[in-house]
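> give me coordinates for this.
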Amino acid sequence: MKLRLTLLTAAVAAAAALASPGAFAQAKEQFFPLLAYRTGPYAPNGTPWANGKQDYIKMINARDGGINGVKITFEECETGYATDRGVECYERLKSRPGVTLFDPQATGIAFALTDKAYTDHIPLMTLGYAYTSSADGGVFKWNFPLLGSYWTAADILIQHIAKKEGGFDKLKGKKITLVYHDSPFGKEPIPLLQERAKMNGFELGLIPVTAPGVEQKSAWLQVRQNRPDYVLLWGWGVMNATALKEAQATGFPREKMLGVWWAGNEPDVKDVGEGAKGYSALTMNAGGTQHKAVQDIIKYVHDKGQGTGPKDEVGTMLYNRGLIIQMLGVEAVRRAQERFGKGKVMTPDQVRWGLENLSLDQKRLEALGFATMMRPVSTSCTDHMGSMSARVHTWDGSKFNFSSDWYTADEQIIKPMVKAAADKFAADKKLTRRTAADCQS
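Now for the predicted structure:
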């Protein structure tokens, strides 16, 4: 009887441990907090992005048994794209055992968390958004704007316009107007565009749109009055489709509109259909289900009935971008394990080193199943971005088609601007640049 009671007590204790957050401390698990927004005006864009991230984790666990035997766990926290809710999610999840990194999924949230990341020693991965100056790892030890920033995006858009016009000299006297989300996200490209305007002699117009962007009639009245040669669209969520509808209503040619990579995805154009035909935008990744990584997602996750969202969403632009984001997080853990212990749970500081030492060349991307989806990425202590490339794709009324080869942003323009902005940030925050020894830590 005594033995039976002891066994029963042990079973109850084990069940309680598995049901509690403290179970993570006992288990061999790498925990990814997933900030997301499935509600509000940005939900149509935020949802596939979030689904791709979850599905990649599920696939790695199902296909590979985790990262060198370390199972990946996650918890999603709804932010509604609101900065205060994003900070609440961060504070609630940052102390979970095995915590890896945070992808805030919003520029405003990333700005709010940057100081906290310094204090808490937790990496922030912001693929294609947030502080452009955080590409400078000498100042921003914990920030990783992988694959691109809003300055690289703006520079590439100007390069593309110059190519269409027959050279940078042909930009002189042109009018280029930025229609932007009136938030930190929308304002971030302005310094680069101002620099390009001085260099290339075009007139830069700035038209803010109040978030979330469902009302834009006054903005497009200004466009009609100013008659720019090109409009750059820096929108997100409902703002993008609204802008395309207003452009159609006011007669502004969609062929003269170019968007950032957050304004060039299926939710932005599908409801506009033929009305968006000719509209172009940047992309840092390819859509489609033909990529090996996506095929593995279908095989190991969706065909098993474990998909986070609908199967017909798999392969869309934002879904695939979610896969890329989560792959980079997983590979940062894998890279850290190479130095700190294969098959071990990595600390946030060790993951930071992994993010800082990524080396995903074409051969490695091929092995991961991403070679046809994205460009190689290689980071260092001083370069927390790792790539400055993007392509242009154009909506034909029913789908996006690539309409350019890969562009690379002009380092001669961007690097001095990044360093100057990072130095100012360091001065304002009373930070010192990292030493060579710190880069090895």
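
> C-alpha only now, for contacts and for neighbours.
OK.

> centroid-nearest residue for the chain?
Centroid-nearest residue in the chain, with Cα atoms, centre = their mean: Leu127, separated by 3.1 Å.

> what about Gly138, which SS state?
coil (DSSP: H, G, I helix; E, B strand; the rest coil).

> any idea how far Glu411 is from it?
17 Å (Cα to Cα, to the nearest Å).

> more neighbours: which of those two?
Gly138 (23 against 13; other Cα atoms under 10 Å).

> do I have it right that the more buried one meets Ala436?
No: using Cα atoms under 8 Å, Gly138 makes no contact with Ala436, being 9.4 Å away.

> which helix of this structure spans the most residues?
The residue-count maximum for a helix in the chain (DSSP state H) belongs to helix 317-340.

> show me which positions of it end up buried.
In terms of neighbour count (16 or more other Cα atoms under 10 Å), helix 317-340 has its buried residues at 317-337, 340.

> try stretch 205-218
For stretch 205-218, by 16+ other Cα under 10 Å, it's 205-209, 211-214, 216-217.

> average pLDDT for stretch 84-100, rounded please.
Averaging pLDDT along stretch 84-100 yields 97.

> hmm, who's touching it?
With contact meaning Cα atoms under 8 Å, 6 or more residues apart in numbering, stretch 84-100 is reached by 21-22, 24-25, 29-33, 35, 77-79, 102, 104, 109, 112-113, 122-123, 333, 345-348, 351.

> before we move on, back to that, among the buried residues of stretch 205-218, which lie within helices?
Going by DSSP H, the helices hold Lys217 from these.

> do a quick rundown of the strands in the stretch 1-150 of the chain.
Taking DSSP state E, counting those that start in this stretch to define them, one finds strands in the stretch 1-150 of the chain at 29-36, 71-78, 124-125, 143-144.

> comparing those strands, which comes out most buried?
strand 143-144 (a mean of 30; mean count of other Cα atoms under 10 Å).

> give the other helices and strands that that strand contacts.
strand 124-125 (3 or more Cα pairs under 8 Å, 6 or more residues apart in numbering; DSSP states H and E).

> show me what contacts the closest residue to Leu171 other than its chain neighbours?
For Leu171, ignoring the flanking residues on the chain, the nearest one in space by Cα to Cα, 6 or more residues apart in numbering is Phe202 at 5.6 Å. Neighbour list for Phe202: 171-176 [criterion: Cα under 8 Å, 6+ apart].

> most neighbours among those, which one?
Of all the contacts of Phe202, the highest neighbour tally under other Cα under 10 Å goes to Ile176, namely 25 neighbours.

> tell me the secondary structure at it.
Under three-state DSSP, Ile176 comes out as strand.

> hang on, it packs against Tyr230?
Yes: using Cα under 8 Å, Ile176 makes contact with Tyr230 at a distance of 4.9 Å.

> quick one: mean pLDDT for stretch 302-310?
97.

> buried ones in that stretch?
302, 307-309.

> now what about stretch 253-265, what contacts it?
Contacts for stretch 253-265 (Cα under 8 Å, 6+ apart): 153-154, 157, 229-237, 240, 244, 247-248, 276-284, 316-318.
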